[in-house]
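Asker: heads up, no residue letters with this:
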């Protein structure tokens, strides 16, 4: 079984959906034999690499909400993630452009093991949603890369360039060609699609269906 999924580091539902998928894979004994191919997507490619505001203020402005309405909406998302063991502090996330983070993931896919890539992605989510760190800050990205065992000089060279930008854009263009208008978006065996952070049970049901098909061949 092969699974590719489009995701953005700044997308809370991507974080939640991927967590539920991985839990379902583990439950069915498929985690060690099912590669997950992370595909880049940007919810807002117009964001800058630095931000003077936190997500609460940005969300209110972007969606035409009052500060109270925005805080309530972000709190709802945080509560939705809690049953999956995710401790989100979404209101204090720093809304920045995720292109550089995606380029780093592409580098890791070319230079590291799948386990390291998965660890990198998880740490990027945690930095963004739980630690209030900028995932466009090179120092933050270098520290995360070092924590998963990536070579420091090579990482610095990638961050200080536009390396892997074409690969990121290729993922985004592929999503557009497939008609993907939102993330997360999962594709199993290039045949079955799951859109959004579906309930855990929905992931289990889909995986069981594909597993049964494979076993029947």
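Answerer: Perfect, I can see it now. All figures in this text were calculated on a predicted structure; none of them were measured in a lab.
Asker: what's the helix or strand for the residue nearest to residue 90 when sequence neighbours are not counted?
Answerer: Once flanking residues are discounted, residue 90 sits nearest to residue 74: 4.7 Å by C-beta to C-beta, 6 or more residues apart in numbering. For glycine as for every other residue, the C-beta is placed from the backbone atoms N, C-alpha and C. According to DSSP states H and E, residue 74 maps onto helix 67-81.
Asker: next helix or strand past that helix?
Answerer: Using DSSP H and E, the first helix or strand after helix 67-81 is helix 99-111.
Asker: and that next one, which residues are buried?
Answerer: By neighbour count on 16 or more other C-beta atoms under 10 Å, the buried set for helix 99-111 is 99, 100, 101, 102, 103, 104, 105, 106, 107, 108, 109.
Asker: Tell me which helix or strand comes right after it.
Answerer: helix 114-129.
Asker: now that following helix against helix 67-81, angle please.
Answerer: Angle, helix 114-129 to helix 67-81, by axes from the mean of the first three to the mean of the last three C-alpha atoms, to 10 degrees: 150 degrees.
Asker: quick one: average confidence on helix 114-129?
Answerer: The average pLDDT for helix 114-129 rounds to 97.
Asker: Next, find the distance separating residue 138 from residue 78.
Answerer: For residue 138, the distance to residue 78 equals 28 Å [C-beta to C-beta, to the nearest Å].
Asker: Would you check that residue 27 makes contact with residue 204?
Answerer: Yes - Residue 27 is in contact with residue 204 according to C-beta atoms under 8 Å; the separation is 6.5 Å.
Asker: tell me, what's touching these two both at once?
Answerer: Shared contacts of residue 27 and residue 204, defined by C-beta atoms under 8 Å, 6 or more residues apart in numbering, are absent.
Asker: Compare neighbour counts for the two and give me the winner.
Answerer: residue 204 (17 against 14; other C-beta atoms under 10 Å).
Asker: Okay, now the unreliable bits of this protein?
Answerer: Applying pLDDT under 70 to the chain picks out no residues at all.
Asker: all strands for it, in order.
Answerer: For the chain, applying DSSP state E gives strands covering 3-7, 36-40, 185-188, 192-195.
Asker: quick revisit: now render the buried residues of helix 99-111 as JSON lines, adding distance to residue 132.
Answerer: Converted to JSON lines, the buried residues of helix 99-111 look like this (distance: C-beta to C-beta, whole Å):
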{"residue": "99", "distance to residue 132": "20"}
{"residue": "100", "distance to residue 132": "18"}
{"residue": "101", "distance to residue 132": "15"}
{"residue": "102", "distance to residue 132": "20"}
{"residue": "103", "distance to residue 132": "22"}
{"residue": "104", "distance to residue 132": "19"}
{"residue": "105", "distance to residue 132": "21"}
{"residue": "106", "distance to residue 132": "25"}
{"residue": "107", "distance to residue 132": "25"}
{"residue": "108", "distance to residue 132": "23"}
{"residue": "109", "distance to residue 132": "27"}
